[in-house]
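A.B. asks: coordinates only, sequence not included:
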C-alpha cells in the first residue's frame, strides 16, 4: 500500500504535468518576456517554475530557465536572507512581497540542483546551462556576496546522488576550482559532509543495515573524488592564485565589507591581493587540513584506503597546515601489515624525517615486512627504495644492520632472479655504510670469538678419533640466525654469516651470478666504487632479464658435451670419504663398507636392450 507522502507527490506531479500541457513553446516564451518586462506579470513565476524540472523536455526547460535566471539575478541583492518572515514585519507589504519572491527563488534553486544530479538530464546543453546558472546564483545570492548555503546544498546533492558525478566534477574543475573562494567553501562543505557521514556510521553501526552501509561507502568515494579534483593550495602567493569568483571576496571581515565602495575595491584590488596572500594561503591550508582529517576519520572501504595511502605523501602531506595530525592514521595503517604497511611507509617516513615524528617500533615493523611475497607486490619498487633510504643512517646499530642483511640474504634463496638482484644491491650498500658488519662476509663459526679457538682445537686434536672430528664439524656448520624471530635484536644475526650470498655464485640465472661476482670486486676496492641505486633494479622481471641475456654477445657458447671422457658420475669433492673410479674391462660393482664387502656380478642383459654397467669402487 502506497504511503500518504508518495500519493501526495504523485498528485502534485500530475497537476504540474497538466499545467505544462496548457502551454506551447511560443506561449512559454511570451510568459518569460512578460515577466521581465513588467511587475504586473509577476504571477508568471509559478507556471515558469513548473517547467524547470528533470521531467520537462529540454527545450521547454531552457525557455523557462533563461528568463527566471535574469529575473532573480536582478532582485537578489534586495531579497531577505531567508524566506522566514519576521513577526514585526508581517504587516509590511514590501517585506511580504520580497519574502514571497525569496521562497520562489529557493524553489528555483532546488529545481536547478535536481536537474543537475538527475539521471534523466542527459542533454549536455541543458546540464551546462543549469550548472552555470547555479554558480551564478552562488556568486551573488547572499546579498551580493558568495552564497555558501546554496553551494553547500549543491555539493550535498552531488555527494548523495545515485548517479555518476564525473561530468559535474569535470565542469567544476575546468571552470570554478581555479577560484580561491570556491575552493575555500568546497573544503568547508566537504568537512561538514564527512562529519555527518561519520556520525551516521556510528549511529547505524549496530543496526547491521547493509543498504545504509553501501550508501555511506558511495558517498565516501564521491568525497574522495571531489577532494582529489581540487587543485592543491599552492601558488597563492602569485596574483593569479588569489583570483576569486565573487568580487567582494571571502577574506574581508564582515564589518569592512560595506565600507568598501566599488571604486575603492577597484583601486585597492591589486594591493589587497598582494598583502593578504600569506593570510589567504594560511586559511586555505587550515580548511584543506580539516577537510582531509575529517575524511580520513571515515570508515574507508579497502580500495579507497589503498588509493589514499598511495597518494597521501605526494598530494596531501606537503599542503597540510600541521602534517603531524596524520600520525595516528599512518601508524595504525603501518601496524596492519602486508601491502597496507608498504603503502603507508612513504608517508610515515616523511613524518619521521621532516616533521619530527617519533615511532620507536619503526624498524621492527619494517623488519617484519621482509617476506617473500613483498618481492611480487605491486608497489615493491617504492618499498625497496624506501628500505634502502631507511637503512642509510650511520647511527643505525650494528645488530640491526646485520639483521636486515642476514634476513635479506636468506630471502635471496627463495625469491625470483629480479628479487635476488635487489637483495644483492641492498646488502652491498649495507656493507659499505656499516663496516661493523663486514665480519658477516666470511665467518667460519657462529661465535665471533671462536675462530682462533677453532684453529687451536684443530691443531691440538688432530690425533683424536674420527667421531669427535665429525661432531666438531657439525658444530661449526650451525647457523645461529633465527629467520622466524620477529625481533631483530633476538635474531642472532651477528653470530651468523652471509653464506646465502655465496650460494648465488651458482644461481641458475647468469645475471644473478655475475652480479654477485661484481659485489665481491666492489667490496675489495672500495675507493673506486660507489653505492648501487636500488631503483635501477626494482623494475626487473623475468622478461627484462631474458631480453638482456639474449642481447648479450657471447664469445663461447656452452654445449652439452664433454671434451674428455668422464671417469665418474660425481666428483670426489662432493662426497668426502668416497672414491668413484671407472674400470673399463670389468663388469662388476664392488661395494665396500665398514661392516661388510660384497661383490656383485652384472652380466645379464635388460629386457629392452643390452646395457653394460661400469664397475664403481666405493671405499
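C.D. replies: Now that the structure is in, tell me what you want to look at. Keep in mind that what you see is a predicted model, and the values were worked out from it rather than measured. Numbers count the residues shown, from 1 in each chain.
A.B. asks: From here on, just use CA atoms for contacts and neighbour counts.
C.D. replies: OK.
A.B. asks: which of the residues in stretch 108-125 are buried?
C.D. replies: 108, 109, 110, 111, 112, 113, 114, 115, 116, 117, 118, 121 (16 or more other C-alpha atoms under 10 Å).
A.B. asks: of the residues you listed, closest to residue 27?
C.D. replies: Of all these, residue 108 has the smallest distance to residue 27: 20.2 Å, by C-alpha to C-alpha.
A.B. asks: one step back: switch the buried residues of stretch 108-125 over to CSV; also include pLDDT.
C.D. replies: Below are the buried residues of stretch 108-125 laid out as CSV (pLDDT from 0 to 100):
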residue, pLDDT
108, 93
109, 93
110, 93
111, 93
112, 93
113, 93
114, 91
115, 91
116, 89
117, 89
118, 86
121, 71
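A.B. asks: Just to be sure, residue 325 is in a helix?
C.D. replies: Yes. Assigned with DSSP: H, G, I helix; E, B strand; the rest coil, residue 325 falls within a helix.
A.B. asks: can you count the residues close to it?
C.D. replies: Residues near residue 325, counting by other C-alpha atoms under 10 Å, number 14.
A.B. asks: Need the buried residues of stretch 108-125 in TSV (columns: secondary structure and distance to residue 53).
C.D. replies: Converted to TSV, those look like this (DSSP: H, G, I helix; E, B strand; the rest coil; distance: C-alpha to C-alpha, whole Å):
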residue	secondary structure	distance to residue 53
108	helix	9
109	helix	11
110	helix	10
111	helix	6
112	helix	8
113	helix	10
114	helix	7
115	helix	6
116	helix	10
117	helix	11
118	coil	10
121	coil	9
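A.B. asks: nearest to residue 323, of those?
C.D. replies: residue 117 (35.0 Å).
A.B. asks: ok, which stretches of the chain are strands?
C.D. replies: Using DSSP state E, the strands of the chain run over residues 582-583, 588-592, 597-601, 615-616.
A.B. asks: Show me how the protein divides into domains.
C.D. replies: What automatic domain parsing lists as the domains of the chain is 15-144, 165-299, 394-551, 563-619.
A.B. asks: quick one: the helices in the stretch 51-200 of the chain?
C.D. replies: Counting by DSSP state H, counting those that start in this stretch, the stretch 51-200 of the chain has helices at residues 58-75, 93-117, 124-140, 148-159, 166-175, 180-203.
A.B. asks: so what does the second one touch, helix or strand wise?
C.D. replies: Right, helix 93-117. With contacts taken as 3 or more C-alpha pairs under 8 Å, 6 or more residues apart in numbering; DSSP states H and E, helix 93-117 sits against helix 45-51, helix 124-140, helix 148-159.
A.B. asks: just the fifth one next, same as before
C.D. replies: Counting contacts by 3+ C-alpha pairs under 8 Å, 6+ apart, the secondary-structure elements packed against helix 166-175 are helix 210-229.
A.B. asks: just to revisit the earlier point, tabulate the helices and strands packed on helix 93-117 (TSV), appending distance to residue 394 and mean pLDDT.
C.D. replies: Putting the helices and strands packed on helix 93-117 into TSV (distance: least, C-alpha to C-alpha, whole Å; pLDDT from 0 to 100) gives the following:
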stretch	distance to residue 394	mean pLDDT
helix 45-51	73	90
helix 124-140	57	89
helix 148-159	50	93
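A.B. asks: Number of residues surrounding the residue lying closest to residue 191 once chain neighbours are set aside?
C.D. replies: In this structure, residue 191 finds its nearest non-sequential neighbour in residue 291, 4.3 Å apart by C-alpha to C-alpha, 6 or more residues apart in numbering. Burial measure for residue 291: 23 neighbouring residues, criterion other C-alpha under 10 Å.
A.B. asks: so what's residue 291 up against?
C.D. replies: 187, 188, 190, 191, 194 (C-alpha atoms under 8 Å, 6 or more residues apart in numbering).
A.B. asks: how much space between the residue nearest to the third one when sequence neighbours are not counted and residue 317?
C.D. replies: Right, the one you point to is residue 190. Nearest non-adjacent residue to residue 190, counting by C-alpha to C-alpha, 6+ apart: residue 291, 6.0 Å away. Going from residue 291 to residue 317 by C-alpha to C-alpha, to the nearest Å gives 13 Å.
A.B. asks: And residue 353, by the same measure?
C.D. replies: Between residue 353 and residue 317 the computed distance is 13 Å (C-alpha to C-alpha).
A.B. asks: So which of these two has more stuff around it?
C.D. replies: Neighbours per residue, other C-alpha under 10 Å: of residue 353 and residue 317, the larger number sits with residue 317, 19 against 11.
A.B. asks: so residue 516 touches residue 503, yeah?
C.D. replies: No. In this structure, residue 516 is not within contact of residue 503 by C-alpha atoms under 8 Å, at 9.5 Å.
A.B. asks: neighbour count winner among those two?
C.D. replies: More neighbours surround residue 516 than the other of residue 516 and residue 503, with 23 against 13 (other C-alpha under 10 Å).
A.B. asks: Let me see the contact set for the more buried one.
C.D. replies: Shown in contact with residue 516 (C-alpha under 8 Å, 6+ apart): 424, 501, 502, 504, 505.
A.B. asks: Swap in 6 Å and give it another go.
C.D. replies: Listed by C-alpha atoms under 6 Å, 6 or more residues apart in numbering, the contact set of residue 516 is empty.
A.B. asks: From residue 125, how far off is it?
C.D. replies: On the measure of C-alpha to C-alpha, residue 516 and residue 125 end up 65 Å apart.
A.B. asks: Quick one: the helices of the stretch 51-200 of the chain as CSV, columns for distance to residue 329 too.
C.D. replies: Shown next, in CSV, are those (distance: least, C-alpha to C-alpha, whole Å):
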stretch, distance to residue 329
helix 58-75, 46
helix 93-117, 33
helix 124-140, 35
helix 148-159, 24
helix 166-175, 28
helix 180-203, 15
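A.B. asks: and residue 43, which of those helices is closest to it?
C.D. replies: Here helix 93-117 is closest among the helices of the stretch 51-200 of the chain (C-alpha to C-alpha), at 10.6 Å.
A.B. asks: contact partners of the closest one?
C.D. replies: 53, 54, 79, 83, 127.
A.B. asks: I'd like the residues you listed written out as CSV, with neighbour count and distance to residue 199 added.
C.D. replies: Shown next, in CSV, are the contacts of helix 93-117 (neighbours: other C-alpha atoms under 10 Å; distance: C-alpha to C-alpha, whole Å):
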residue, neighbour count, distance to residue 199
53, 23, 32
54, 20, 32
79, 21, 35
83, 17, 29
127, 21, 33
